[in-house]
Every structure is written in structure tokens, then in C-alpha cells.
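1. Just the structure for this:
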Amino acid sequence: MNPASRFEIPAEEVDAAMHARKELGADSETGVIDAFLERTARAIDTRVDARLAAQRMVSGPSQHAATPRPPAKRPDGYGLAFGLGSIGIGIPLTAISTQFGGVRLAVVIIIWAAITLVNISYNAARR
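-> Okay, the predicted model is just below:
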């Protein structure tokens, strides 16, 4: 006998749920389905618990759950590359914004303020 088969829902139970659903009508359909799903969920939970217990017996207690990993840090060169890339994008945006009429200084200030905020956010997330 397969150990997993102990926790399966018998075909008779499925048939009984279907018969009860037909016999009781649409008014109690939700209750019949909910009860069947609850039994199914318990059977699945039991199977999962059994598998996890078997895994623990084979591999021993896990130390990974007790000690969380520190967040991965990006290499230091990425901060410099990000900053230089931002400047590389900011210069053409500044040139383009000054070619059009209107409020040029305000647009340039907004562009560089946005680039500054993106760089600050990027470097704050690295720490």
C-alpha cells in the first residue's frame, strides 16, 4: 500500500457528495461543496505534513528557517556605473529641453532633481 494512498479521499465519498448535491438541490449546494472541499483540504494537509516529516527525518533539522539570509548586496562598481549612466542620460535630456521654447530652467531643474532622487533611492536600497 502506497503511504500517500492512506490520505486519499475515497471515490465513494466523492460520489456521496455529488449525490447529496443533486438530491438537496441548489439551496444547499454551497454547503455540500464547502464540506467536501474542507475534507479535501484536510486530506491534502495531512499528506503535506507527512511528506515534510519524512523529509525532516531524512535530512535532519533544518537550520535555514532559524537564520534568515542577509539581503544580497550589489557589487560596489554598480553604484558608480549607475551614477555615471544617470549623468550620461541627464546631459542629453538637458540639451533637448533647452532647444524648445518656454520655461527651460524649470525643466532642467526638474530633470536633474529626478535624476538625483533616483540615485539617492538606488544607493539607499543598497545599504
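2. where along this structure do the helices fall?
-> 11-24, 29-59, 76-99, 104-126 (DSSP state H).
3. Let me have those helices in JSON lines, extended by mean neighbour count and mean pLDDT.
-> For every residue, glycine as well, the C-beta is placed using N, CA and C. Converted to JSON lines, the helices of the chain look like this (neighbours: other CB atoms under 10 Å; pLDDT from 0 to 100):
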{"stretch": "helix 11-24", "mean neighbour count": "12", "mean pLDDT": "78"}
{"stretch": "helix 29-59", "mean neighbour count": "12", "mean pLDDT": "82"}
{"stretch": "helix 76-99", "mean neighbour count": "12", "mean pLDDT": "85"}
{"stretch": "helix 104-126", "mean neighbour count": "13", "mean pLDDT": "86"}
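4. Got phi/psi on the residue with the largest distance to the centre of the chain?
-> Here the chain reaches farthest from its C-alpha mean at Gly101, the gap being 46.2 Å by CA atoms, centre = their mean. Recorded main-chain torsions at Gly101 are phi -70, psi 170, according to degrees, to the nearest 10.
5. Hmm, Thr98 and Val108 touching each other?
-> Yes: with contacts counted by CB atoms under 8 Å, Val108 reaches Thr98, the gap being 6.9 Å.
6. In contact with Glu13, which residues?
-> Phe36, Arg39 (CB atoms under 8 Å, 6 or more residues apart in numbering).
7. switch the cut-off to 7 Å
-> For Glu13, the contact set (CB atoms under 7 Å, 6 or more residues apart in numbering) is empty.
8. Can you give me the separation between it and Ala43?
-> Counting by CB to CB, to the nearest Å, the gap from Glu13 to Ala43 is 10 Å.
9. Then Ile109?
-> 64 Å.
10. what's the answer for Phe82, then?
-> Counting by CB to CB, the gap from Phe82 to Ala43 is 52 Å.
11. and what of Glu12?
-> 14 Å.
12. Look at Ser5 and report its pLDDT.
-> Confidence at Ser5, expressed as pLDDT, is 51.
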